[in-house]
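Q: Could you work out the structure for the sequence below:
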Amino acid sequence: MDPDRDDAARLRRGDTAGLAGLMGRYQDRLFRYLLRLAGDEALAEDLFQQAWIRVAERVGRYDGSRPFAPWLFALARNLALDHLRRRRPESLDDHPEPEAPATPEANPFARALALQQGARLAAAVAELAPLDREVLSLRFEEDLALPDLARRLDVPVPTAKARLYRALGRLRERLLARAPASEWR
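A: Residues are numbered from 1 along each chain as shown. Presented below is the predicted three-dimensional model:
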């Protein structure tokens, strides 16, 4: 049987080992997802903790005949978006600029160029609305194919494709505002 369903059933019976099993499988992916949505590490940590509390409280609502991951991520998504709406009702676009990611390249010039491009990309992604960051994160960080992306977002495949296309378009606009297209090749 499916370990997610087994652990959810254990948690439903009050056995906290079920929660530990679920957390062990999903904690890294869930935290990265929330970090992308929130754009702030401290907020992502708070949302991460709240998400697992909600899982424990609402596991009775989980339909064991369906996969657990979409239910978990929908719960976390709703929690994060609700929090962001309450915190900033005027705009969800303003987020602090993240630090530049490190690259493993040995050439100092290539590394400096990659760091510069990485910083521009991270800053451009951070400027996007949470829903755009979400779809980009699921597609490119979680490496979800369009059908899986649609299931995770709980929308039809054409809608998921349109959201991804629009998010990529907005990201492209922000990237081109930072540097000419020739620097992104």
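Q: moving C-terminal of whichever strand or helix holds Met23, what's the next helix or strand?
A: Taking DSSP states H and E as the criterion, Met23 maps to helix 16-38. Proceeding N to C from helix 16-38, the next assigned helix or strand is helix 41-58, under DSSP H and E.
Q: Determine the number of other residues adjacent to Phe68.
A: 21 (other Cβ atoms under 10 Å). Using the backbone N, CA and C atoms, a C-beta is placed for each residue, glycine as well.
Q: OK, contacts around it?
A: Phe68 makes contact with 2, 4-5, 8, 22, 62, according to Cβ atoms under 8 Å, 6 or more residues apart in numbering.
Q: what's the nearest residue to Arg58 once chain neighbours are set aside in contact with, if anything?
A: With sequence-adjacent residues excluded and distances taken as Cβ to Cβ, 6 or more residues apart in numbering, Arg58 is closest to Leu75, at 7.0 Å. For Leu75, the contacting residues are 51, 54-55, 58, by Cβ under 8 Å, 6+ apart.
Q: domains of this protein?
A: What automatic domain parsing lists as the domains of the chain is 3-87, 130-184.
Q: In what element of secondary structure is the residue nearest to Arg58 found?
A: Assigned by DSSP H and E, Leu75 belongs to helix 68-87.
Q: For that helix, give the mean pLDDT please.
A: Mean pLDDT, helix 68-87: 85.
Q: Using PDB, list the CA coordinates for it.
A: Taking C-alpha atoms only, helix 68-87 is exported to PDB below (Å, rounded to 0.1, in the frame of the first residue of the first chain):
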ATOM      1  CA  PHE A  68      -1.500  12.900  -0.600                       C
ATOM      2  CA  ALA A  69       0.900  15.400  -2.100                       C
ATOM      3  CA  PRO A  70      -1.700  17.500  -4.000                       C
ATOM      4  CA  TRP A  71      -3.800  17.700  -0.900                       C
ATOM      5  CA  LEU A  72      -0.800  18.800   1.200                       C
ATOM      6  CA  PHE A  73       0.400  21.400  -1.300                       C
ATOM      7  CA  ALA A  74      -3.100  22.800  -1.800                       C
ATOM      8  CA  LEU A  75      -3.500  23.100   2.000                       C
ATOM      9  CA  ALA A  76      -0.100  24.900   2.200                       C
ATOM     10  CA  ARG A  77      -0.800  27.100  -0.800                       C
ATOM     11  CA  ASN A  78      -4.100  28.300   0.600                       C
ATOM     12  CA  LEU A  79      -2.500  29.000   3.900                       C
ATOM     13  CA  ALA A  80       0.300  31.000   2.300                       C
ATOM     14  CA  LEU A  81      -1.900  33.000   0.000                       C
ATOM     15  CA  ASP A  82      -4.300  33.800   2.800                       C
ATOM     16  CA  HIS A  83      -1.500  35.000   4.900                       C
ATOM     17  CA  LEU A  84       0.000  37.100   2.100                       C
ATOM     18  CA  ARG A  85      -3.400  38.700   1.400                       C
ATOM     19  CA  ARG A  86      -3.900  39.600   5.100                       C
ATOM     20  CA  ARG A  87      -0.400  40.900   5.400                       C
END
